[in-house]
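what shape does this take:
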Amino acid sequence: MSITNPKTRHEFVLLFDVVNGNPNGDPDAGNLPRVDPETMHGLVTDVALKRKVRDYVQNLQRDEVGNPAEGYGIFIQSRVALNMLIEQAGDAVGIKQKSKVPQDAVRVELCRRYYDIRLFGAVLSTGDLNAGQVRGPIQITFARSLHPVAPLDLSITRKARTTEERMQTGETEMGRKPIVPYGLYRAHGFFNPYLAEQTGVSERDLKLFWESMQNLFEFDRSAARGEMAVRGLFVFTHDNPKGNAPAHKLFELVQVRRLDDGRPPRSFGEYEIVAPPAGPLQAHGFPGITLTRLV
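Numbers count the residues shown, from 1 in each chain. So this is what the prediction gives:
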């Protein structure tokens, strides 16, 4: 069973970590790393993870990847008006008039043009030309750190001055850098073959998705996210589109354990991943399911 088969069901476990960085700032908390206030476990939103998939595909700059005309454009991006993209798709199929009724032909064309609509879905009814909505076949949960994190808001000094007055007085300007010293995060994902059939997901689409998941942070480096790495990617593939077992039971097969609970974790080497070997899981009580470990 292939992990690139869009006609069957897949689930996956994603593990990634951060060292002295901010994996996902919260604008309501001064851009501090997101946390669950009751447990102080770190959080990373599904939106942030999907953004990295979109950026990876858009930045490949090879062949037709990233080209809407070839089916690998990215719909959700900054500095681009979404309603304009919807109208362009309408022009391509000969529908230019305003319409409050969802236009299926425009929705199909948008799915064909934009990789992220095919995979993640989109709301396409925001303008004068209504293209309805698309439910994405790939859904990803919030990532949660396995242990509490310690959000730090560090003060930094700026050598450069922004005003003439401060140049003359020599007054130092201050800045902030929010980080967590270390966090190992876990997220779960799901692939629905029935929704994939509606949006037109291909084997190439899934191959590109798994490639992007393995390289989520390799082209996303910044001062705030300099040391982030994918530490595990486990894919469960069913031989039945309806699935052969509940997703939560499969997720329980991937366990992450601390080797030393005596102090706060500061590296991935302080953890141990326990999971079945790659291959069919019949011996583990899950016939018809194959486990593939990509990382």
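
and for residue 81, the neighbour number?
10 (other Cβ atoms under 10 Å). Yep, even glycine has a C-beta here, placed from its N, CA and C like the rest.

residue 90 now?
For residue 90, the neighbour count with other Cβ under 10 Å is 24.

and what about it, helix, strand or coil?
helix (DSSP: H, G, I helix; E, B strand; the rest coil).

cool, residue 283 as well?
Following three-state DSSP, the label given to residue 283 is helix.

residue 149 contacts residue 35, correct?
Yes: between residue 149 and residue 35 there is a contact at 6.4 Å, judged by Cβ atoms under 8 Å.

which neighbours do these two share?
41, 42 (Cβ atoms under 8 Å, 6 or more residues apart in numbering).

which of these two has more neighbours?
A direct count of neighbours by other Cβ under 10 Å for residue 149 and residue 35 places residue 149 higher, at 26 against 21.

give the closest residue to residue 239 in space, chain neighbours not counted.
Excluding its sequence neighbours, the residue lying closest to residue 239 (Cβ to Cβ, 6 or more residues apart in numbering) is residue 288, at 4.5 Å.

how deep is that neighbour tucked in, by neighbour count?
Using other Cβ under 10 Å, residue 288 has 15 neighbouring residues.

assign the residue nearest in space to the middle of the chain to helix, strand or coil.
Nearest to the mean C-alpha position of the chain, by Cα atoms, centre = their mean, lies residue 49 at 2.3 Å. Secondary structure, three-state DSSP: residue 49 is helix.

that one and residue 35, how far apart?
17 Å (Cβ to Cβ, to the nearest Å).

contacts for the helix or strand hosting residue 56 next, please.
Assigned by DSSP states H and E, residue 56 falls within helix 46-59. Contact with helix 46-59 is made by 14, 23-24, 65-66, 72, 74, 76-77, 115-116, 119-120, 139-143, 187, 208-209, 211-213, 215-217, 219-220, as judged by Cβ under 8 Å, 6+ apart.

thanks again, I'm all set now.
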